[in-house]
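*Asks:* prediction below, plus the sequence it came from.
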Protein chains: 2
Amino acid sequence: MTQNSNFYNRHFLDHISLDCVVFGFHDNQLKVLLIRRKYTKEWALPGGFVKEDESIEVAATRVLQERTGLDDIFLKQFNVFSEPGRANRNPTVTDLVGSVANPDLEWFNQRFISVGFYALVDFSKAEPTPDSISDLCIWKNLNEISSLILDHNQILNKALETLRLQLNYQPLGYNLLPDRFTMPELQKLYETILAKELDRRNFQRRILSYGILNKLEERKTGGAHKAPFLYEFNLENYQKALQNGLNGGW
Amino acid sequence: MTQNSNFYNRHFLDHISLDCVVFGFHDNQLKVLLIRRKYTKEWALPGGFVKEDESIEVAATRVLQERTGLDDIFLKQFNVFSEPGRANRNPTVTDLVGSVANPDLEWFNQRFISVGFYALVDFSKAEPTPDSISDLCIWKNLNEISSLILDHNQILNKALETLRLQLNYQPLGYNLLPDRFTMPELQKLYETILAKELDRRNFQRRILSYGILNKLEERKTGGAHKAPFLYEFNLENYQKALQNGLNGGW
DNA sequence: AGTTTGTGTGTCTTGATGACGCAATGATAG
DNA sequence: CTATCATTGCGTCATCAAGACACACAAACT
């Protein structure tokens, strides 16, 4: 009985993979971390496999550490992708490495069931790093992402949909914005995720009513036009809001 | 390379299982479908494995068909449970079948990563049926469920938590109540899931404002006290509400 | 200095929500 | 047969959140 297989001398569970939709925010644009396969030059979500002694969350954390250099990433599993059809579209071994010299690489040809995670990271702190089968790992603007391998477009869309839902009962921004930020920046983040415009004044009133922000004395200098105030997240209340939800319907 | 193994002559993927938290509603009580292991007499959630040609959703549907006799069940995956510690607590083969006569049964001793589903079914239409390694399959009142095998208590709690969250932006009841029902019955369903009492009059106003109910002329006879009106779900609006959400925060 | 553009703050209205009142109904008890 | 009682139907009031919008202020550019 083989419970696992070798891949570059590491033990992974058969049939189980994970894919990460890593969101970042920069230049008022929502960005997603992508990797590019060495040989096919196709784009894909960063992903990985599960070691013998790892939970799938630990595995995802490890993968993200490798891809971004960051620990302590906000991570959430949101869906399992398991259509048998996924496997048909799996890259062949040669797609991945360009040769089949290593018999261990046949391991890639099995059917995979993939657990989707989405992650929120501070754009400025991440250092995108490709994995062994990729030659590029970079941020792409959400609206400039075209065709990804396999069902990765579907995974990305589902992640966005989930993020939008979560927005309704969870605070957001701490993991995506720098420590100090302006109200327009926070609003732009919301608008980008929701893909719609919000009223400036109503947005501010609502966000402030959650009590998750500290208003600073300082203003953002350097920009053209009137200098906006800087804010920071009130971590204590932010965590509370994450746990208890924001509005709570019933 | 073994991509799968035999178990009673059927091919399942290694390492992957699924567990279902099946909710039903009867006698103003929220109930969960449980099975009892033949040899250890321990209680567990109904579950199963994934065949070569199945998605995990199809596998869960098949399992639920076998356990309840029902097709077209409301089903939703809500979490993946993958702690390596789960495996340590896996039942031994002898726990499951009482002997190791069949070498295929060693298959159970591998590590499993389990996808959790919750299901909502019409209590009166389900016919609980045990699987091959169980001697009982019955409904248990939510508040009378004690210790389950492995991490099944944790799975159940997470399912409940998810259900409560969904309640905030999705209609609920069509899958759990008979075709025609009274307002107090619907309210009791909500109260049971939320584990708190709601104001009768405010509940009615709010539920009716969603436009997912048709009020019938008929009243429920037979009960002591004033006869309440009967309602049915407006399926068209109900489906719309499922898709678009109820309140929509932003 | 006036214009432009974005920001800070406030008002008005509408609608949803929570708390609660009261009359009507239908079985049951005396 | 009538009083009682629990439950239901329907309504009111106050509060608060949310959308639409007005106006003044600040910083840079012409």
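*Replies:* Sure, I can see it. Numbering: from 1, shown residues only, chains lettered A, B, ... in the order given.
*Asks:* next, the angle from the lengthiest helix in chain A to helix B:152-166.
*Replies:* When chain A is parsed with DSSP state H, its longest helix is helix A:152-166. Here the directions of helix A:152-166 and helix B:152-166 differ by 70 degrees (axes from the mean of the first three to the mean of the last three C-alpha atoms, to 10 degrees).
*Asks:* packing partners for the helix or strand following helix A:152-166?
*Replies:* Where DSSP states H and E defines the elements, the next helix or strand beyond helix A:152-166 is strand A:181-182. Counting contacts by 3 or more C-beta pairs under 8 Å, 6 or more residues apart in numbering or on different chains; DSSP states H and E, strand A:181-182 is packed against strand A:229-233. Heads up, the C-betas are built off the backbone N, CA and C, glycines and all.
*Asks:* next structured bit after the strand it packs on?
*Replies:* For strand A:229-233, the succeeding helix or strand toward the C-terminus, using DSSP H and E, is helix A:235-244.
*Asks:* can you pull the buried residues of that following helix?
*Replies:* By 16 or more other C-beta atoms under 10 Å in any protein chain shown, the buried positions in helix A:235-244 come out as A:238, A:241-242.
*Asks:* distance between it and the chain's centre?
*Replies:* Centre-to-centre, helix A:235-244 and its host chain are 21 Å apart (C-alpha atoms, centre = their mean, to the nearest Å).
*Asks:* neighbouring contacts of it?
*Replies:* Applying C-beta atoms under 8 Å, 6 or more residues apart in numbering or on different chains, the external contacts of helix A:235-244 come out as A:170-171, A:174, A:210-212.
*Asks:* could you export that helix as CSV, CA atoms only?
*Replies:* Extracted as CSV, the C-alpha positions of helix A:235-244 are listed here (Å, rounded to 0.1, in the frame of the first residue of the first chain):
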residue,chain,number,x,y,z
LEU,A,235,-6.6,45.6,16.5
GLU,A,236,-8.5,44.8,19.6
ASN,A,237,-11.9,45.7,18.1
TYR,A,238,-10.9,44.4,14.8
GLN,A,239,-10.3,40.9,16.2
LYS,A,240,-13.6,41.1,18.1
ALA,A,241,-15.4,42.0,14.9
LEU,A,242,-13.8,39.1,13.1
GLN,A,243,-15.1,36.8,15.7
ASN,A,244,-18.5,38.2,16.4
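*Asks:* where does pLDDT dip in chain A?
*Replies:* Low-confidence segments of chain A (pLDDT under 70): A:1-10, A:87-104, A:248.
*Asks:* break it down into its structural domains.
*Replies:* As assigned by automatic domain parsing, chain A contains the domains A:4-166, A:181-244.
*Asks:* helices of chain A, residue ranges please.
*Replies:* Ranges of helices within chain A are A:56-68, A:84-88, A:93-97, A:152-166, A:183-194, A:200-209, A:235-244, based on DSSP H.
*Asks:* out of those helices, which is the most enclosed?
*Replies:* helix A:56-68 (a mean of 21; mean count of other C-beta atoms under 10 Å in any protein chain shown).
*Asks:* isn't residue A:77 up against residue B:77?
*Replies:* No. The pair residue A:77 / residue B:77 is not scored as a contact, 10.1 Å apart, by C-beta atoms under 8 Å.
*Asks:* what about residue A:27, neighbour count?
*Replies:* Residue A:27: 8 surrounding residues under other C-beta atoms under 10 Å in any protein chain shown.
*Asks:* contacting residues for residue A:117?
*Replies:* Residue A:117 touches A:18-21, A:60, A:75-78, counting by C-beta under 8 Å, 6+ apart.
*Asks:* 6 Å - rerun?
*Replies:* Neighbouring residues of residue A:117 by C-beta atoms under 6 Å, 6 or more residues apart in numbering or on different chains: A:20, A:60, A:75, A:77.
*Asks:* please apply the same query to residue A:138.
*Replies:* Contacts of residue A:138 (C-beta under 6 Å, 6+ apart): residue A:128.
*Asks:* quick check: residues of chain A near chain B?
*Replies:* By C-beta under 6 Å from any C-beta of the partner chain, the residues of chain A that approach chain B are A:2-3, A:13-16, A:53, A:55-56, A:77, A:80, A:82-84, A:110, A:113, A:115, A:168, A:194, A:249-250.
*Asks:* let's go with 7 Å and repeat that
*Replies:* Residues of chain A found near chain B (C-beta under 7 Å from any C-beta of the partner chain) are A:1-3, A:13-16, A:53-56, A:77, A:79-80, A:82-84, A:106, A:110-111, A:113, A:115, A:167-169, A:194, A:247, A:249-250.
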